[in-house]
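Enquirer: Generate coordinates for the sequence data below:
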Amino acid sequence: MTLETLVEEIRRLGEAELVSIERSRATEAARIAAERERRVAEVRDQAARATELDVARERAQRLAAAKLESRKMLYEAREKRLEAAIGDTRTLLAEYTGSSAYPAVLRRMYSVATDALGKQLKVSGRADDAGLLAKVAGKSFDPTPQPILGGLIAETPDGSRRLNLSFNELLRLREDKVRELLA
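Expert: Numbers count the residues shown, from 1 in each chain. A predicted model of the protein is given here:
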C-alpha cells in the first residue's frame, strides 16, 4: 500500500465518520428541539390549567362574596323595617295610654301584681298616670314618675321582689313574637 492510498483511505474513513457524526448531531439536535417543544407545551398547558383554576376560584369567591353581601343587605333592610315597625308599635302603645280602655288595663295590671306579689305593694308609673294609679292602688301608689310608655311597676315594700308590667318591658319580653308577626 502506498502512502497515497493510505492517506486516501484515512480521508475516506474520516469523511464517513464525519457524515455519521453530523447525522448523529442532527438527530440529537432534532430530539432536543422536540423535547424542548414538548416541555414548552407542557409548561403552557400547566400554566393554562393553573390560570383556569385561579380564575374559577376567584369567580367562586366573588360570587360567594356577592351572595353574602346581598344576604347582608336583605337582613339589614328587614331589620330596619322591623325596627321601624317596633317603633310604630311603641307609638301605638303611647297613643293607647290616652284611650278610654287604658284605665281598665291598669286595673287589671294592678290585680295581676297583687295576685303575684301580695296585697302590700309599692306601685309606680308614668307621671301622666299618677291620678289614675292613685285611684287604682290607693295608699300603695308611689308618686315617683317612671320613664315608661305606660303600664305600671309593682314592688314589694322591702324591694325583694319586683314585677315590671310597663309597656316597655312587656314589648321587650315579647319582641321576638312581635318580630315574627311583623316579618
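Enquirer: can we go C-alpha only for contacts and neighbour counts from here?
Expert: OK.
Enquirer: any idea how the chain splits into domains?
Expert: As given by automatic domain parsing, the domain ranges for the chain are 1-96, 100-182.
Enquirer: what bits of the chain have low per-residue confidence?
Expert: 1 (pLDDT under 70).
Enquirer: show me where it has strands.
Expert: Under the criterion DSSP state E, strands of the chain are mapped to 122-124, 151-155, 162-166.
Enquirer: Just list what the shortest one packs against, helices and strands only.
Expert: Under the contact definition 3 or more C-alpha pairs under 8 Å, 6 or more residues apart in numbering; DSSP states H and E, strand 122-124 sits against helix 130-137, strand 151-155.
Enquirer: what about 10 Å?
Expert: For strand 122-124, the contact count by 3 or more C-alpha pairs under 10 Å, 6 or more residues apart in numbering; DSSP states H and E identifies helix 130-137, strand 151-155, strand 162-166 as packing neighbours.
Enquirer: got the contact list for the most centrally placed residue in the chain?
Expert: Geometric centre of the chain, nearest residue: residue 72, 5.9 Å, by C-alpha atoms, centre = their mean. Contacts for residue 72 were tallied using C-alpha atoms under 10 Å, 6 or more residues apart in numbering; they are 66, 78.
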